[in-house]
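1. Okay, predicted coordinates and the sequence, questions at the end:
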Amino acid sequence: MQRGYQELFIDVGHGIHIAVRDYPSNGRPLVLLHGAGLNLALWDAVADVLAHRYHVVALDFLGHGASSVPEGFTVEADLAALERVIAELGLFRPAVIGHSYGGMLAVRYAVDHLECPIVINIDGHGDGRAEHYAGKTPEEVGRFWTQQYEALLAYLDGEDSGSHELRETHLARMGAYAEAHGVAPETISALAKRSIQRDRRGGWNRRPGADLSVDMYRQLSRLDMFGLYLKVRCPVVLVLALKPPLIPEPDADFIRAHRAGIDKAFTEMAATMPNLRLLRTDARHLMPMERPHELCQLIVDCYP
C-alpha cells in the first residue's frame, strides 16, 4: 500500500526555499539525499517502502527539482540547507542516506554531527584519487576525466529555458540517461518531469541548469571522500556498485578500475576503523531506481 506524504517548502533564509517530501510517521527519522543533477523523485519507490518503518524525509537540493536556484553551488550551502530542514521538521538524530553526491554530502554532514546514528553512502565517490584507479596511471586518469568533462559540456549544450520543445528534448535526454545506466525509461519518468520546472511566464526551465551543473562538477571533482571518512565517528556504510553504466569501452573499463581501487582502499581503511563498513552489489550506479527493494532491505539490515 502506498504511503501518503506532504509536499513542503522550507525557508532556509534570504528568500531561498527547499522543496521537501515528508512521509509522517512515528518511526525513527531517516533523510534521503539524491545525487547531482537528479531530484527527490529518485527515491519514490524506496521511500514508499521505508515509510512503513521510518519517518522518511526526502528533499531537492538547491537548484534541483522544485527548490530555489542559488547564485552558485557550494557544498556548504547544501549542508546548511540540510541542517535547516532537519531543524525545521524537528527530526531528532536522523539517519542520513544519500546516493552519489547525496552520499558524499551525508558523510560530510556526519563529520559535523556526532549525534548522527548512521550514514549510508550509496556509490558516492566523486572522481577520487588517481591511485584509486587500479592499473591506470595518473596521466590516463587525467585524460579520462578531461574527456568526461567535455562530454558533460556537450550534454548540457543549449538553452536552460524555453518552450514545450525544450521540455520534450530534455525528457528524451533523461530517458537516454536512464537507459545508459541500466534503468527502464518509464522508471525515471517522475524524476525527469520534476527536473524541468514551469516558470511564471509559462515557459520551462531545466533543473539544474548548465552553469550550476558545471560548477558542481568542478567542486565535487576535488572533494576527497577518503579524507572525510577519517573524520567521521558514527557508523558509515559505503555501498559500492560494481557494474559500470551501459557505456562503450574504454570508458566502462575506467569505471571498473575505479570501483576496484575504491574497494581495496576502503577495505584497508576499514581494517583500522571499526565504524566503516563496505557492502558490494552487482547493481549499477542508479541503484535506488534499478533495485529499490534490494536497497530497502539493505537499509533495514544496516539500521534495523
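-> Looks like it came in fine. Numbers count the residues shown, from 1 in each chain.
2. Please count neighbours and contacts with C-alpha atoms only from this point.
-> Noted.
3. Now Trp204, what are its backbone angles?
-> phi -130, psi 150 (degrees, to the nearest 10).
4. ok, it touching Glu168?
-> No: distance between Trp204 and Glu168: 10.2 Å, which falls outside the contact criterion (Cα atoms under 8 Å).
5. host element of the residue of the chain most remote from its centre?
-> The C-alpha centroid of the chain is most remote from Arg201, which lies 30.4 Å away (Cα atoms, centre = their mean). Here Arg201 sits in a region with no helix or strand, counting by DSSP states H and E.
6. please renumber so the chain begins at 19
-> Taking 19 as the first residue, the last one we looked at is Arg219.
7. So for the protein, the centremost residue is which one?
-> Central residue of the chain (Cα atoms, centre = their mean): Gly53, 1.9 Å from the mean position.
8. who touches that one in this structure?
-> Under the criterion of Cα atoms under 8 Å, 6 or more residues apart in numbering, the neighbours of Gly53 are Gly116, His117, Ser118, Tyr119, Gly120, Gly121.
9. run the last query once more with 6 Å
-> His117, Ser118, Tyr119, Gly120 (Cα atoms under 6 Å, 6 or more residues apart in numbering).
10. so it is in which element?
-> Gly53 belongs to no helix or strand, assigned by DSSP H and E.
11. Kindly report the same for Arg240.
-> Here Arg240 is assigned to no helix or strand, by DSSP H and E.
12. Against Tyr167, how distant is it?
-> Arg240 sits 13 Å away from Tyr167, going by Cα to Cα, to the nearest Å.
13. The two - which one has more neighbours?
-> Taking neighbours as other Cα atoms under 10 Å, Arg240 and Tyr167 compare with Tyr167 leading, 15 against 12.
14. just wondering, since we're on the more buried one, how far is it from Gly245?
-> Remark: distance between Tyr167 and Gly245 (Cα to Cα) = 24 Å.
15. again with Ala208
-> Distance, Ala208 to Gly245, by Cα to Cα: 35 Å.
16. phi, psi of the spatially closest residue to Ala228 that is not a sequence neighbour?
-> Spatial nearest neighbour of Ala228, chain neighbours left out: Leu174 (5.6 Å); criterion: Cα to Cα, 6 or more residues apart in numbering. Backbone torsions for Leu174, taken as degrees, to the nearest 10, come to phi -90, psi 0.
17. That'll do, ta.
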